[in-house]
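Chemist: This is a predicted model, with the sequence first.
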Protein chains: 2
Amino acid sequence: MRPLTADVLNPAIRNVEYAVRGELAIKAENYRVQLKKPNHGLPFDKVISSNIGNPQQKGLDQPPLTFPRQVAALTEYPELLESASQLFPKDVIARAKELLEEIGSIGAYSHSKGVPLIRKSVADFIAARDGYPSDPEHIFLTGGASAGVALCISMLISDAKSGILIPIPQYPLYTATLAQFSGVPLPYYLDESSGWSTSPPAVEAAIKKAIADGITPKALVVINPGNPTGALLAAETQAELVKLCEKYSVVLLADEVYQVNLHRGDEHPFTSFKKVVRDLASPVPLVSFHSTSKGVTGECGRRGGYFECTNISDEVLAMIYKMVSVGLCPPVSGQIGVDCMVRPPKEGSPSYALWKKETDAIHAALASRTKVMAERLNKLPGVSCVDSPGALYLYPRIELSKKAVLAAEAAGKAPDTFYALALLDETGICVVSGTGFGQKDGEQHYRLTCLCAGVEEYIGALEKFHIGFMKKYE
Amino acid sequence: MRPLTADVLNPAIRNVEYAVRGELAIKAENYRVQLKKPNHGLPFDKVISSNIGNPQQKGLDQPPLTFPRQVAALTEYPELLESASQLFPKDVIARAKELLEEIGSIGAYSHSKGVPLIRKSVADFIAARDGYPSDPEHIFLTGGASAGVALCISMLISDAKSGILIPIPQYPLYTATLAQFSGVPLPYYLDESSGWSTSPPAVEAAIKKAIADGITPKALVVINPGNPTGALLAAETQAELVKLCEKYSVVLLADEVYQVNLHRGDEHPFTSFKKVVRDLASPVPLVSFHSTSKGVTGECGRRGGYFECTNISDEVLAMIYKMVSVGLCPPVSGQIGVDCMVRPPKEGSPSYALWKKETDAIHAALASRTKVMAERLNKLPGVSCVDSPGALYLYPRIELSKKAVLAAEAAGKAPDTFYALALLDETGICVVSGTGFGQKDGEQHYRLTCLCAGVEEYIGALEKFHIGFMKKYE
């Protein structure tokens, strides 16, 4: 028989790239295995996975919040409600009972859109956040935000001339999904010189260019706060983007998974696109995504998330429902995580003090690490770094010498990938090079997370490497 | 602006149909809501969801196995290891510690293929089952089997002339996924008169017809034990199917999620396609799927599963890995469910006796209900039902009168859907009509699950309805 080779597979798959778990991450995994051997021969003793926003991973160990984990344990094994009720605060027990009353067993498939009670919790959270009503029937719980994004993009790409506007740099889920479904990525460039701001005229220019090229722009992706940039959109910019969507009949896909990750709270508050659309009484179809993986929850492995549809017709909602029903339902433990995220303990309830202490500590650690890292990076020769007000990342720019660029070329690598590989080889620190997110031609960046405890040691190793690298190729 | 209407979406989505959660299920959901009102006016007091193999759903309440739930609770909230260690058997504690040692926090993303230790557990399970080695690197953990099936089909469909052989009747995940990715379903018909057996000549005829029609058959889907039929393949048939795949260079997709659901144990043992492929020393590329949702585990909401790749090249494995990495990782609690499924308590360990008692009870209940239901259905006028040796379903055939067929036509429904809607309206029992699974032209069937406790009451209502329906349309 003919063997199964890659060339008989869907050719679109070949074009899919996802750098966050690409070459660098695979090499880091291999190092991790090698480190388990007694004489590993590596110049470092641990791999630091700064490539992915995964707060609770080994070596980072951001502690999980206690409240959702206690609720989860009780819903997993309800016998604990009887035998160990003294171990759990009253509000935890009440929440678990309420959820179990609705769900029955967490081992049962739920409604394909998610447990109705939990969708109601999400709607209440959104209404309180925005000051506008939210309908649980317009909410779909998902296995992380990524599943929802992929579904929406797969539905919007109607032919090879369908395009989707994406920021550059962007989180590579978008380019990967567009490649998989053979849609056309329509890049609009963020402006590094003004803190990675989004320029509505640049977005409009990208729309016009697409139309001139015979591409139909179907949707505009906005990531706010930004990934990998950490930038937060100004409210006026948001309004202008909504108006652009209206003008060109474009669906707005708002990736708002970092909405809780704001390091300068009052100074830079988060405004949802839902609120902006309602403030403007705009008819723009909006899908906004949220997740349990980020924020202070950081429960990535749980695969919890949701999207809310605004200004989406019943006909289209029914089609989305049909599509999610083929996948049966999102993970119920992820759904319970969503419930705890949008309904945390209230002030005055037994779990509140601990919850507040835990979330404050996470916020403070992220804010302080982001600040320290940006400061230290900015002091390095050939490095400039926007001090990110949100999300979990920094996206420093590096100016590599001609010699370094030529060495990268000789190695068959993009210059920033070459740099990032050398960083990994020398320090065990795994980052993702700018090539994976997109950047202007001739620029070099990398993304690193601000999740790592022990900033001193970590940034110290990075500095030492950088200075050595610059010297080697000066 | 132009509103977002269905006609601007991906036209492939329009063709997706998934009857298990389609019209009948939606109507049943609405009845469930209506029943909560004091004067609901319905002729029944509960909805019985016989449409979906969801053992732990409310009203069915198959109890979850204790061992995996205890392990899950401890991994959710490891503090219980200290404070409540007396509540858990030693082997549960040991398993939870072993998993936590490997995983760290279940709130962290795992490896995109799944936790290495758990893939090792799966490989050991497969090796013990088949007597052939299994490589953890060839195993991908998934969010239920469906996610893996959809991924494989999406990769195999390389253009609109790519076809996939599917049994008729089939589980509609296959037709739905083919519709979504614009592949051509190539039906081969199972033979009801010989217990829904699979005929290799019929499969070969379907392959030849496809080739004659200019379609490239890329894969053969076999569901064993069958869904909706419950039939178990004979070992000789399996060997012949493998040889056909070899002859025509077709990938074998073996849906083996019901491998534990065998009601006549020794008489009808399960043989995996992995074993058959290895017995024959065949080079046929095989992907076999398993799940925590069925069997005696029945943990549907957990979204756990895996697929094993056999005779798949490293190049293609790398492409699969790339694709799963875009989705980050399967739910970690589902992965832990997989570990407990493939590594249940061993004889002699503290949890064994309870685990044995629980699994025996579930097996016995399923076997007895299947038998009773098939017997009772076969006594009804105009009904014939293959007594299924496996899976969770019966797929009775109904002979509807000309008058009933005309009434269905007048209502704009397929005859069996018309019947199933009437059954739901009168009794609250929700089944799925044969139209959703496929059948020969002019035939009528429906699928119902054998999960419902209280067979007497349930089947009694069904009988009463059937006799009334037949009378009404005689």
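Modeler: Structure received. Numbers count the residues shown, from 1 in each chain, chains lettered A, B, ... in the order given.

Chemist: I figured residue A:174 hits residue A:149, correct?
Modeler: Yes - in this structure residue A:174 lies within contact range of residue A:149 using Cβ atoms under 8 Å: 7.4 Å. All C-beta atoms are positioned from the backbone trio N, CA, C, and that covers glycine.

Chemist: which neighbours do these two share?
Modeler: Shared contacts of residue A:174 and residue A:149, defined by Cβ atoms under 8 Å, 6 or more residues apart in numbering or on different chains, are not found at any residue.

Chemist: between the host helix or strand of residue A:71 and helix B:66-76, how big is the angle?
Modeler: Secondary structure from DSSP states H and E places residue A:71 in helix A:66-76. Orientation of helix A:66-76 against helix B:66-76 (axes from the mean of the first three to the mean of the last three Cα atoms, to 10 degrees) gives an angle of 180 degrees.

Chemist: what's next to helix A:66-76, contact-wise?
Modeler: Around helix A:66-76, the neighbours that count as contacts under Cβ under 8 Å, 6+ apart are A:80-81, A:88-89, A:92-93, A:95-96, A:99-100, A:103, A:106, A:297, A:299, A:333, A:336-337, A:339-341, A:344-345, A:351, A:354-355, A:358, B:69, B:72-74, B:76-77, B:80, B:107, B:333.

Chemist: List the first helix or strand encountered after it toward the C-terminus.
Modeler: Scanning the chain past helix A:66-76 towards its C-terminal end, the next helix or strand to appear is helix A:80-83 (assignment: DSSP H and E).

Chemist: contacting residues around that next one?
Modeler: Where contact means Cβ under 8 Å, 6+ apart, the residues beyond helix A:80-83 that reach it are A:73-74, A:87-88, A:93, A:96-97, B:73, B:80, B:84, B:87.

Chemist: next structured bit after that helix?
Modeler: Past helix A:80-83, further along toward the C-terminus, the next helix or strand under DSSP H and E is helix A:90-103.

Chemist: buried ones in that following helix?
Modeler: Within helix A:90-103, the residues that count as buried by 16 or more other Cβ atoms under 10 Å in any protein chain shown are A:91-93, A:95-96, A:99-100, A:103.

Chemist: what's the spacing between residue A:85 and residue B:80?
Modeler: The gap separating residue A:85 from residue B:80 is 13 Å, by Cβ to Cβ, to the nearest Å.

Chemist: quick one, which of the two is more surrounded?
Modeler: When residue A:85 is set against residue B:80 and neighbours are counted by other Cβ atoms under 10 Å in any protein chain shown, the residue ahead is residue B:80, at 25 against 12.

Chemist: Now which of the contacts of helix A:66-76 would you call buried?
Modeler: A residue is treated as buried here by neighbour count (16+ other Cβ under 10 Å); on that basis the buried members of those are A:80, A:88-89, A:92-93, A:95-96, A:99-100, A:103, A:106, A:297, A:299, A:333, A:336-337, A:339-341, A:344-345, A:351, A:355, A:358, B:69, B:72-74, B:76-77, B:80, B:107, B:333.

Chemist: Can you get me a residue count around residue A:300?
Modeler: 27.

Chemist: for it, what are its contacts?
Modeler: So residue A:300 contacts A:53-56, A:144, A:292-293, B:107-109, B:328-329 (Cβ under 8 Å, 6+ apart).

Chemist: mind running it again at 10 Å?
Modeler: For residue A:300, the residues meeting the contact criterion (Cβ atoms under 10 Å, 6 or more residues apart in numbering or on different chains) are A:52-57, A:144, A:291-294, B:105-110, B:328-329, B:332.

Chemist: Then residue A:132?
Modeler: When the contact criterion is Cβ under 10 Å, 6+ apart, the partners of residue A:132 are A:126, A:272, A:274-275, A:277-279, A:310.

Chemist: and it, what element?
Modeler: Mapping residue A:132 onto the secondary structure by DSSP H and E places it in no helix or strand at all.

Chemist: measure it to residue A:305 for me?
Modeler: 21 Å.

Chemist: try residue A:33
Modeler: Using Cβ to Cβ, one obtains 31 Å as the distance from residue A:33 to residue A:305.

Chemist: So those two - more neighbours on which side?
Modeler: Regarding residue A:33 and residue A:305, a neighbour count based on other Cβ under 10 Å identifies residue A:305 as having more, with 29 against 11.

Chemist: Got the phi and psi for that one?
Modeler: Phi and psi for residue A:305, reported as degrees, to the nearest 10, are phi 180, psi 180.

Chemist: hang on, it packs against residue A:289?
Modeler: Yes - when contacts are counted by Cβ atoms under 10 Å, residue A:305 is listed as touching residue A:289 (6.7 Å).

Chemist: Return every residue with contacts to both of these two.
Modeler: A:142, A:144-149, A:257.

Chemist: Name the SS class of the residue nearest to the spatial centre of chain A, please.
Modeler: Centre of chain A computed as the mean C-alpha position; nearest residue by Cα atoms, centre = their mean is residue A:257, 5.8 Å away. Following DSSP: H, G, I helix; E, B strand; the rest coil, we place residue A:257 in the coil state.

Chemist: That one reaches residue A:292, doesn't it?
Modeler: Yes - counting by Cβ under 10 Å, residue A:292 is a contact partner of residue A:257 at 9.3 Å.

Chemist: what sits in contact with each of the two?
Modeler: The contact sets of residue A:257 and residue A:292 overlap at A:144-145, A:305 (Cβ under 10 Å, 6+ apart).
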